[in-house]
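Undergrad: show me the folded form of this:
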Amino acid sequence: MRLRISCRRFKGSKMFAVPEKLTVVEAADVCRRGLEAIAAGAREVDLSQLRRADSATVAVMLRWQVAASQHGAVLRFTNIPNGLADLISVYQTDDLLLPGAARSPGIARAVI
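TA: Below you'll find the predicted structure:
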């Protein structure tokens, strides 16, 4: 059974949002949709709906950042849940994913 995951892209905006859950199960579909949004000009990723994250979330974010750099841009991640920010720190990817980013107050539970 294949899950239908969508990244919402806000009309007229260069931002897209990720769903509530972005773990290894959803990673391929969510990553693909994010890459499509980036190719279409999105430069900001809203993580405010994210409730479940794991190491695959960090991998997807890194892939998106690489894709943005191939388009001559840098992605800005907003509303980063504390649990995800902690995972990003564990993997020592803060400089790539969190430059000057503000954390949201504990809205996601990291799954390790």
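
Undergrad: what mean pLDDT does stretch 91-100 get?
TA: Taken as a whole, stretch 91-100 has a mean pLDDT of 85.

Undergrad: before we move on, what about stretch 34-42?
TA: Here the average pLDDT along stretch 34-42 is 93.

Undergrad: can you show me the helices along the chain?
TA: 27-39, 55-70, 82-90, 94-97 (DSSP state H).

Undergrad: list the buried residues of the third one.
TA: Right, the one you point to is helix 82-90. Residues Gly83, Leu84, Ala85, Leu87, Ile88 are the ones in helix 82-90 that count as buried (16 or more other Cβ atoms under 10 Å). For glycine as for every other residue, the C-beta is placed from the backbone atoms N, C-alpha and C.

Undergrad: the last one now?
TA: Across helix 94-97, burial judged by 16+ other Cβ under 10 Å covers Leu96, Leu97.

Undergrad: of the buried residues of helix 82-90, which is the nearest to Met61?
TA: Ile88 (7.7 Å; Cβ to Cβ).

Undergrad: OK, contacts around the closest residue to that closest one other than its chain neighbours?
TA: Nearest residue to Ile88 in three dimensions, chain neighbours excluded: Leu97, at 5.2 Å (Cβ to Cβ, 6 or more residues apart in numbering). Leu97 makes contact with Val58, Met61, Leu62, Gln65, Phe77, Ile88 under the criterion Cβ atoms under 8 Å, 6 or more residues apart in numbering.

Undergrad: which of the residues in stretch 64-71 are buried?
TA: Trp64, Gln65, Ala67, Ala68.

Undergrad: so the third one makes contact with Leu35?
TA: Right, the one you point to is Ala67. Yes: at 5.4 Å, Ala67 and Leu35 qualify as touching, with contact defined as Cβ atoms under 8 Å.

Undergrad: how near is Leu50 to His71?
TA: 23 Å (Cβ to Cβ, to the nearest Å).
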